[in-house]
Structures are given as structure tokens and as C-alpha cells.
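Undergrad: Model the following, please.
(chains A and B)
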Amino acid sequence: MKNKPEKNKSNIKAMNGGYAMAEALRQIQADVMAVYPITPQTTIIETYAKMKADGKVATEIVHVESEHSAMSATIGASAAGARAVTATSSQGLLYMAELLPVASGLRLPIVMCVSSRAISAPINIHGEHGDVMAVRDLGWIQIFSENVQEAYDDVIIAAKLAETVDLPVMPIMDGFHTSHTTERIEICDDKDIKNFVGKRKAEQSLLDFKNPVSFGPVALQNSYFEFKIDQEGAMQKAKSEYKKICAEYKKISGRRHGLFEEYKLDDADSAIVIMGATSETAKVVVDNLRAKGKKVGLLKINLYRPFPYKEVGRELAHIKKIAVLDRAISFGAYPPLYQDIVSSMQHAGSHKHEIASYIYGLGGRDTLQKDIEKVFDDLEEGEISNKVKYLK
Amino acid sequence: MKFNKETFEIIFFARGGQGAKTASELIAHAAVLEGKYVKAFPFFGPERSGAPTKMFLRVSEEPIRTQEPIIDPDAVVVLDETVIDCQDVVKNLDRHESLIVNSKRTPEEIRKKIPHFEGKIHTIDGNDIALRIAGNSNPNMVLMGQLIKVTEIIKLENAMRIFREVFTPKIGKELTEKTIQAMQAGYDEI
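TA: A predicted model of the protein is given here:
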């Protein structure tokens, strides 16, 4: 017991995003995990199932016959007071859609790992944010990871955040680009994570027979509205709690997380706003253009719901030309992140910004450095209109 | 050619089931053991046993950020030579760089198929070596031994250590040790 937490070499590992999320789930010691496979998420649950078979976790694994049941079982377990988790992608997430607002409306602190993927039709198993964007208004906190290290970190942060604000959280990694890429990552000590997340203390639970309560009652015209306003209040509180938890997590991990990451923005004239795995490639482009003397930068959004409008607006206030890169399409509307950035800039007030919209990487289409260079070229040449452009 | 550039990039061409993924991930694990940074990822196509597959591997002394597929490799490993007939495996592989092919043929015979390639060609009969030493026809570890010899991307002993750690519980001590001998044979045969 007297051993101090040591940063030794054995904490440095090579693993893919699926394995890294499973490793984080092991460390947060979930009580219940409902499992149903779907590409590209299956690496998470199969890794976790192996941990169970090897006796490394005590989690009750519930094999279900669909994602609808996976979310139902997770809701039941969470309402019973358990730390309940699951994982999914794409059609699986959409099949859960009916239950997602039940989880958030009941204020259940579920953690669901998502390996984001395109949605049918036509069928496509590759990376994209279309699935998570389709459910962004259902009351779940959404955190986007850039790489395998962040995928691991975000699951731990998600577990603590969920139980702090009593809301469900989706840590999201890009399907394949993160879930199936093996990278070097640093794992925290089991003991540190155990102390960090603590034990779940449910205020009310179905299994607390001394204090019996009802979950999910009817709420009609006289009260439903208030429930929803309370829920929005919890969501707003999640933003400041997330910041606090990130600061605490830095103390044990040494790694900085926050609402967003600003990359070479201080003296930039133009910038890209982006989320997820392609941020890495875009940072390389920023470095290359900086080497040529161009004043360019990048803002990577980490916490997508609740969206930090005020903070983003302040951060980008001095940037004249902004390009927002969305990995999702919103039919008949501007893409989701673009809309949020336009709102953020309105929030920031005075400045007039030129904001361009680009859609990239649908259905796993490669996004190359030269594609992102083209975006910066457009900004430099003033090729900015209100028309959505496609990087393909 | 040796491990002296900022990021060393390798493409593996194979057919599903030949173990290209295992080989590239083992190198990734061994490189991390040596304190290096890695990115190992498949070409994200449909995975079917027997279909042509591609694996990308980046190794660097510094953190690696780009998520692009590898466009300009420093070395290429071909686990199934018939892939050479249907894909340009030496694209952007220049004359200071190496192609390693699992084949009974000589480098000169392989070169006839890709006359535009000016770099070095190494051939090694991985299937035969694996069959002789380990009693199976999985060429991946033999080719990996050869790749390590040619590129010095990691130390052979670390590749063996990781293989032993990962595979002893899966395939047993005997086959693990034999496969490690096959890796050594692939390393020695140049």
C-alpha cells in the first residue's frame, strides 16, 4: 500500500482505440455492461469480454439480442444504482434512439462508448460523425476524442462527469481512424483511477428498499415542461463540472483536456474548427503552413454537448476567417458544427467574421493534408461563401 | 534506408488471413517498448479472408500526428506475390528504398513484373521456411524477420519478446518458440 504511484515504463503501451476504451472501462470498474456487437465498436466489447473471461473484471456482462435491449438493460441497471456502461456505433446507436432520451430524462449517469460510423443507406461501415450527430438533441453529453490516448482519457472523464451531474455521457472516437489504429498511449495506475472516479453513490435507486421510489412517472402539461428545464439546467452545469474534472484529471495523468484545444490560434488570421481524429492531420497542415510564414491556427472542439458557445466565441473573436469542418451532413440545413460556430460568433458580438462550411470524410473517405491545405488556400484567397463545400 | 528519418513508413500488401495485421501490430508494440511512437492501421476496406489487404505502419522517435494513409512509403512488404499483378505495390518507392516479397522466385524474376522500379528487391520463401521450421505456412513472421534486418526499424530481440508475450498463451510454448525460430531464419536469410 505504501507504493507511490509511479510513472514507469510499464504504463506506456501500444493499443488501438477499441482496446484503450475497454481498458478505461476496466479501470472505472463498471458494475454492469450490456453488450451487442456492431462494427467498428466490437473491439471494445470483445476486449472487455476477454477481460471478464480472464478474471480481470467483476462486471456483470449482459448479453442482449439488440442495441434496443442493450440500452434498456443499461437503463435498468443504472436505475438500480449500478455503474452501467455499454458501447455502440451507427445503426446500433439509432436503434437505441428511442431509449436515449429515457436515460437522460431519468438522469441516469450511463457511459456509452461510441465508435462513430456512417449510417445506412447505402450501407457503409466506415468512420463518420453522422450517427452521433443524429442523436445530439437527446440530452446526452457528447465528448469527441482525437486519438487513442484521448479515447482512453475521455472514458475516465466521462465516468466521473456522468455521476457528478447525473446525466449520461457518450465518449466518441472516429470509427476505424481511432478505433482500429494502434498507437502509443500512457495508461494511468489502476489505483489512481479507482480513487478518481470513486464508487457510485446513487441518490435514489430501485434497489434501495428502505427508501422506495418510482422511476419514470407520467408528467403532464403541468409538470413536463419543468422537468425539461431542470434537465437543461443539469446540462449547463455539466460544462463547468467538465472543466473541473479535466483539471483534476490532469493532476493524475499529466494530460491537459478542456472544452476545446486551441492550436496556434494566438496570432492567427485564419483558422479551422474541427472535431475528432482528423484534427491530427489538420494540425500537421497548420505546422507546415506556419513554416511558410502563414498565420493559421486550429480550434478542436472536445465537449460538443453541452456546446461551449461563449468560450468558443471568445477564443475565436480575433480570427477574421474561419472554416468549419464537419464530418456529417445535415440534409436541407447547414452542417451541425458550422451552425454551432456561427451561433458562437454571434454570441461574441462585435466582430464580423467570415465563416465557411466544409463537409469531409463521409463514409470513411480519406481526408488528406492537401485537402485541408485547400481549405486554408480558400480562406487566404477569400473564397468564402455561404455555400457548403465538400472535401472529397 | 535505415531508421534515421523522422518517420519511417511501411506498407504491407497481403491477402486476408496471412497475418499482415499481426506483423505490423507486433512491430508497433516492439517499437513502443523501445520508446518510439507508432501508428499501425489497416486500409479500411472490407476484410474478407483471401481478399487483397493493405496495412500501414508508421514508426518515429517523435509523436506522429497525421492520419493520412501512407502515400510515399520507405519500405514495402508483399506477403502474397500475386498482389503485384493487380496493384502498383512500388508506387512512390524510390531507388534507395526496398521491396520485400514473399516468393520462391529470385529478385530478378520479380523485377520483370515491375520494370519501372529502381530500388532494391529482396525475396524470401516465407511459406517454405515457416513450413519447415514451424510446420505451418504462415509467412508473416519470416517476412517480419527479413523486414527488421533490412530496415533495422526495431531490434529483433524485442520483436521476439513481444511475440512470446502475446502468443505463448494463445498457441502454446512449442509453436511460439518454433515461430520465433522462423522469424530468426527470416532475419538471417539475406
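Undergrad: CA atoms for contacts and neighbours, from now on please.
TA: Noted.
Undergrad: Could you list the low-pLDDT ranges of the chain?
TA: All of this is about chain A. Counting by pLDDT under 70, chain A contains low-confidence ranges at A:1-10, A:350-351.
Undergrad: look at chain B instead
TA: Across chain B, the ranges flagged by pLDDT under 70 are B:1-5, B:44-49, B:190.
Undergrad: What residues does it have near chain A?
TA: Residues of chain B lying close to chain A (Cα under 8 Å from any Cα of the partner chain) are B:25, B:28-29, B:32-33, B:37-42, B:44, B:65-69.
Undergrad: Among those, which ones are in strands?
TA: Counting by DSSP state E, these place B:37-42 in strands.
Undergrad: which of those tops the neighbour count?
TA: Counting neighbours by other Cα atoms under 10 Å in any protein chain shown, B:Val38 comes out on top of these with 32 neighbours.
Undergrad: from memory it sits against B:Leu26, does it?
TA: No: assessed by Cα atoms under 8 Å, B:Val38 is found out of contact with B:Leu26, at 11.0 Å.
Undergrad: got the buried residues for stretch A:136-150?
TA: A:138-150 (16 or more other Cα atoms under 10 Å in any protein chain shown).
Undergrad: Max pairwise distance over the residues you listed: which two?
TA: Using Cα to Cα, the two most remote members of the buried residues of stretch A:136-150 are A:Leu138 and A:Gln149, lying 27.1 Å apart.
Undergrad: Tell me if I am right that A:Leu337 is in a strand.
TA: No: assessed with DSSP: H, G, I helix; E, B strand; the rest coil, A:Leu337 is helix; it does not lie in a strand.
Undergrad: dump the residue contacts of the closest residue to it other than its chain neighbours.
TA: Excluding the flanking residues, the one nearest A:Leu337 by Cα to Cα, 6 or more residues apart in numbering or on different chains is A:Asp326, at 6.1 Å. A:Asp326 is in contact with A:274-275, A:335-338, A:357-360, counting by Cα atoms under 8 Å, 6 or more residues apart in numbering or on different chains.
Undergrad: If we use 10 Å, what do you get?
TA: For A:Asp326, the contacting residues are A:128-130, A:273-276, A:334-338, A:357-362, A:390, by Cα atoms under 10 Å, 6 or more residues apart in numbering or on different chains.
Undergrad: In strands, which of the residues you listed fall?
TA: A:273-274, A:357-360, A:390.
Undergrad: closest to chain B among those residues?
TA: Relative to chain B, the closest of the ones in strands among the contacts of A:Asp326 is A:Tyr360; by Cα to the nearest Cα it sits at 13.3 Å.
Undergrad: what sits against that closest one?
TA: For A:Tyr360, the contact set (Cα under 10 Å, 6+ apart) comprises A:128, A:278, A:325-329, A:366-367, A:371-372, A:389-392.
Undergrad: do you know how far it is from A:Leu368?
TA: For A:Tyr360, the distance to A:Leu368 (Cα to Cα, to the nearest Å) stands at 10 Å.
Undergrad: any common contacting residues for these two?
TA: Contact criterion Cα under 10 Å, 6+ apart; residues shared by A:Tyr360 and A:Leu368: A:278, A:391-392.
Undergrad: So which of the residues you listed wins on neighbours?
TA: Busiest of these [other Cα under 10 Å] is A:Thr278, holding 28 neighbours.
Undergrad: Need the phi and psi values for that one.
TA: When read as degrees, to the nearest 10, the backbone of A:Thr278 gives phi -70, psi -10.
Undergrad: For the residue nearest to it when sequence neighbours are not counted, give its distance to A:Ala14.
TA: Take A:Thr278 and drop its neighbours on the chain: the residue closest to it by Cα to Cα, 6+ apart is B:Gln67, 6.6 Å away. The gap separating B:Gln67 from A:Ala14 is 16 Å, by Cα to Cα.
Undergrad: who has more neighbours, those two?
TA: The neighbour comparison of B:Gln67 against A:Ala14 (other Cα under 10 Å) goes to A:Ala14, with 26 against 23.
Undergrad: elements contacting the helix or strand harbouring B:Ile133?
TA: Per DSSP states H and E: B:Ile133 is located in helix B:126-134. Helices and strands touching helix B:126-134, by 3 or more Cα pairs under 10 Å, 6 or more residues apart in numbering or on different chains; DSSP states H and E, are strand B:98-102, helix B:140-151, helix B:173-188.
Undergrad: One more pass at 8 Å, please.
TA: For helix B:126-134, the packing partners by 3 or more Cα pairs under 8 Å, 6 or more residues apart in numbering or on different chains; DSSP states H and E come out as helix B:140-151, helix B:173-188.
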